[in-house]
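Colleague: here is my input; please provide its structure:
(3 chains)
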Amino acid sequence: MSSPPTEELIKQWESEQEQLRQQVVEEDTEDWQKSPGFSGLKRVGGADLSFIKGDEVNACAQLVVLSYPDLTVLYEDSQMVTLTAPYVSGFLAFRETPFLLEALQRLKTTQPTLMPQVVFVDGNGLFHYREFGLACHLGVLSGLPCVGVAKNLLQVQGVFKDQQHQSQIAALQKGGDSFPLTVASGKVLGKALRSYDKSSKPVYVSVGHKISLETAVRLTHSCCRYRVPEPIRQADVRSREYLRIHFPATDA
DNA sequence: GCGACAG
DNA sequence: ATCTTGTCGC
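Modeller: This next block holds a predicted model:
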């Protein structure tokens, strides 16, 4: 529902995240990931949900598959869904994952040959309070390689959005430049990436599943025509267009 | 009480 | 997430 979750549910969610966390694979598992030019990579996916203004429960779940390296849309699926979980920072996956899995299932059933070899997810992967964000959740439950790309910095385990961070951003000179997001333990959980030359605001890339951080960053850069990687951008554009057409704004 | 808060 | 047009610049 839209009401805040009980302490009990939060504890259950944390427990589920800690359980599934152990199944995340943080290394490259596919041959194309080891190739300098990603030779062998043909299809990249993007997933996103768009909402109607002022509506907490109805949304459009979107899955797109693009060709690589052309980045042409090969497949598109828009589906209205009714959300059951509220948005709580750190628990985004419990709100969105079920519908993204359903979309992948529809693809598997109707166009199995278009199944993406990697999925870009709008949100974090390992760069998360319990190292198990949306991209990890979708990755583990689907078994597909996933990359998390967040548009805003989540302040995790000692990574702050302070003056230091701002100066590191200012030091990113060109598309592809990045700096590590190192948490208190010393582990690098993600990277801030200047996704293309003209963008001064970085995106935050982290491992979802079955891919290394270095490969995730290199792949993300190679999928950026604009600031947001094309698979996610197309999913966003098309789900919002779907809502615009099917649920036109009502005048007061 | 105050700040933080992926989408 | 969403509220929102024009405008400056390459």
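
Colleague: okay, and the residue in the stretch 151-252 of chain A that DNA strand C sits nearest to sits in which element?
Modeller: Nearest to DNA strand C, among the residues of the stretch 151-252 of chain A, is A:Arg240, at 5.2 Å (C-beta to the nearest atom of the strand). Any C-beta I mention is one placed from the backbone N, CA and C, and that applies to glycine too. If you go by DSSP states H and E, A:Arg240 is part of helix A:230-246.

Colleague: that helix: which residues count as buried?
Modeller: By neighbour count with 16 or more other C-beta atoms under 10 Å, helix A:230-246 contains the buried residues A:230-239, A:242-243.

Colleague: same list (those) but as TSV, adding distance to A:Ser199.
Modeller: Shown next, in TSV, are those (distance: C-beta to C-beta, whole Å):
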residue	distance to A:Ser199
A:Glu230	14
A:Pro231	17
A:Ile232	14
A:Arg233	12
A:Gln234	17
A:Ala235	19
A:Asp236	16
A:Val237	17
A:Arg238	22
A:Ser239	22
A:Tyr242	26
A:Leu243	26
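
Colleague: out of those, the closest to DNA strand B would be?
Modeller: Using C-beta to the nearest atom of the strand, A:Asp236 comes nearest to DNA strand B of the buried residues of helix A:230-246, at 8.1 Å.

Colleague: which ones are touching the closest one?
Modeller: The contact partners of A:Asp236, by C-beta atoms under 8 Å, 6 or more residues apart in numbering, come to A:48, A:50, A:62, A:122, A:228.

Colleague: swap the cut-off to 6 Å and go again
Modeller: A:Asp236 is in contact with A:Asp48, counting by C-beta atoms under 6 Å, 6 or more residues apart in numbering.

Colleague: what distance do you get for it to A:Met80?
Modeller: 16 Å (C-beta to C-beta, to the nearest Å).

Colleague: A:Ser50 bridge partners, please.
Modeller: Beta-bridge partners for A:Ser50, by DSSP bridges, are A:Cys60.

Colleague: what is the burial count for the residue of the stretch 1-150 of chain A found nearest DNA strand C?
Modeller: Nearest residue of the stretch 1-150 of chain A to DNA strand C (C-beta to the nearest atom of the strand) works out as A:Lys53 at 3.4 Å. Number of residues near A:Lys53 (other C-beta atoms under 10 Å) recorded here: 8.

Colleague: also the one 4 residues further on?
Modeller: By other C-beta under 10 Å, the residues close to A:Val57 number 14.

Colleague: do I have it right that it meets A:Val81?
Modeller: No: using C-beta atoms under 6 Å, A:Val57 is not in contact with A:Val81; the gap is 9.0 Å.

Colleague: flag every buried residue along the lowest-mean-pLDDT helix or strand in chain A.
Modeller: Sorted by mean pLDDT, DSSP states H and E, the helices and strands of chain A end with helix A:163-170, the least confident at a mean of 92. Neighbour-count burial for helix A:163-170, counted by 16+ other C-beta under 10 Å, picks out A:165, A:169.

Colleague: flag every buried residue along the following helix or strand past that helix.
Modeller: Going down the chain from helix A:163-170, the next helix or strand is strand A:178-182, by DSSP H and E. Buried residues in strand A:178-182, counting neighbours by 16+ other C-beta under 10 Å, are found at A:178-179, A:181.
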